[in-house]
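**Q** fold the following and give me the result.
(one chain, ligands or ions: 3)
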Amino acid sequence: MDTSHIALPVGTALDRFIKRKQDDFPFASGELSQLLRDIALAGKIVDREIRRAGLSNLAGAFGTQNVQGEQQQKLDVVANVRFTRAFKNGGEVCAIISEEEEKIVDLANPNGRYIIAIDPLDGSSNIDVNVSIGTIFSIYRRISPVGGPVQEEDVLQRGTAQVAAGYILFSSSTMLVYTTGNGVNGFTYEPSLGEFFLSHQNMRIPEDGGIYSINEGSYHSFSEPVKQYIEECKERNLSARYIGSLVADFHRNLLKGGIYIYPATKKDKNGKLRLMYECNALAFIVEQAGGKATNGTERIMELTPEVIHERVPFFVGSTKMVNRVKELMQLQNA
Ligand SMILES: O=P(O)(O)OC[C@H]1O[C@](O)(COP(=O)(O)O)[C@@H](O)[C@@H]1O
Ligand SMILES: [Mg+2]
Ligand SMILES: [Mg+2]
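**A** Ligands and ions are numbered 1, 2, ... in the order given. Modelled structure (predicted):
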């Protein structure tokens, strides 16, 4: 049942919002609500760890590499442990796909009906320099019978099968932004009360924007259409903004209008970002907010993943801007 007619005022506590909006969910039986609460709780704990990292020896590298060959930061590992523990204890999740885990993590929760794909800490290169970072998550419902072993079909689902998705932004304030397919809402964390409160109702991205976000340091290895699009942004005197944390760049553009691009490069034929735990979640959010997400030719949410750490070129943001870069890509392929 669609509850969009139930308008909850700014300042509504997250818990109350989840309860009132529970009927939005297909199969509404409280499990997904509890899972969202588990994510919020783990987010508060990770927020505390981040804010005192410099004092608690949690800054710096952990000394190991993840499956992507990236140096794991201590907070990457801490966030991964905290979220995994929350899902294990919560009992709603049967398996996790995590950026920090090479393989699918089967939580052996026999009654778990949900699969989580998670980037426990996004923007790792910004951790030690006190720049905004985040967590990105996608929630799927398992397909195979509950209680049995988790199957590949349960995990390699398209973005269109997400039942919920969102991110937590750890920045000047900490925010949780999520959708269950009935619009996008944002909640700001009040540490002194230990609670998230509704601060951004029914978020909408402007149809066109004045900001483009891309790491131009790799300009020479971009395709011609991407180079041409950047030139057009400059001719339009748009603002170049690039924090280097996907969640933070995405959040700014969601509020102000803009486009974030991580394209294929000569080195990385599929770009850098991961379909299952970075792109699908943000694609669901941006579409629910009236924007678009593509790999240059196809809708991100219609891509069928083949492997859990699959990378895709990512173009996401205001509809007019994403349409224009898609148009240039198609002209080149014509
Ligand atoms: O330094 P680059 O190549 O511009 O990449 C930055 C991008 O990589 C990421 O840091 C990848 O995410 P992780 O930090 O979770 O690995 C994005 O947050 C960011 O947008
Ligand atoms: Mg990331
Ligand atoms: Mg990460």
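
**Q** CA only for contacts and neighbour counts going forward, please
**A** Will do.

**Q** looking only at pLDDT, what's the mean for stretch 143-159?
**A** For stretch 143-159, mean pLDDT rounds to 93.

**Q** how close does residue 294 sit to residue 247?
**A** Per C-alpha to C-alpha, to the nearest Å, residue 294 is found 17 Å from residue 247.

**Q** er, residue 216 actually
**A** Residue 216 is 18 Å from residue 247, by C-alpha to C-alpha.

**Q** more neighbours: those two, which one.
**A** Ranked by neighbour count (other C-alpha atoms under 10 Å), residue 216 and residue 247 place residue 247 first, with 25 against 14.

**Q** check which helix or strand that one maps to.
**A** According to DSSP states H and E, residue 247 maps onto helix 246-256.

**Q** ditto for residue 44
**A** Going by DSSP H and E, residue 44 is in helix 31-51.

**Q** neighbouring contacts of the helix or strand just after that helix?
**A** Later in the chain than helix 31-51, the nearest helix or strand by DSSP H and E is strand 61-65. Residues from elsewhere that reach strand 61-65 (C-alpha atoms under 8 Å, 6 or more residues apart in numbering): 71-74, 77.

**Q** show only the entries of those found in strands.
**A** Judged by DSSP state E, those include 71-73 as members of strands.

**Q** which positions in the stretch 51-200 of the chain make contact with ligand 3?
**A** 119, 121-122 (C-alpha under 5 Å from the ion).

**Q** so which of these sit within strands?
**A** Counting by DSSP E, the part of those found in strands is 119, 121-122.

**Q** can you tell me which of those is nearest residue 284?
**A** residue 119 (15.4 Å; C-alpha to C-alpha).

**Q** thought that closest one was touching residue 137?
**A** Yes. Using C-alpha atoms under 8 Å, residue 119 is in contact with residue 137, at 6.5 Å.

**Q** now for these two: what residues contact both?
**A** In contact with both residue 119 and residue 137: 277-278, using C-alpha under 8 Å, 6+ apart.

**Q** residue 15 falls within a strand, correct?
**A** No. Read with DSSP: H, G, I helix; E, B strand; the rest coil, residue 15 is helix and lies in no strand.
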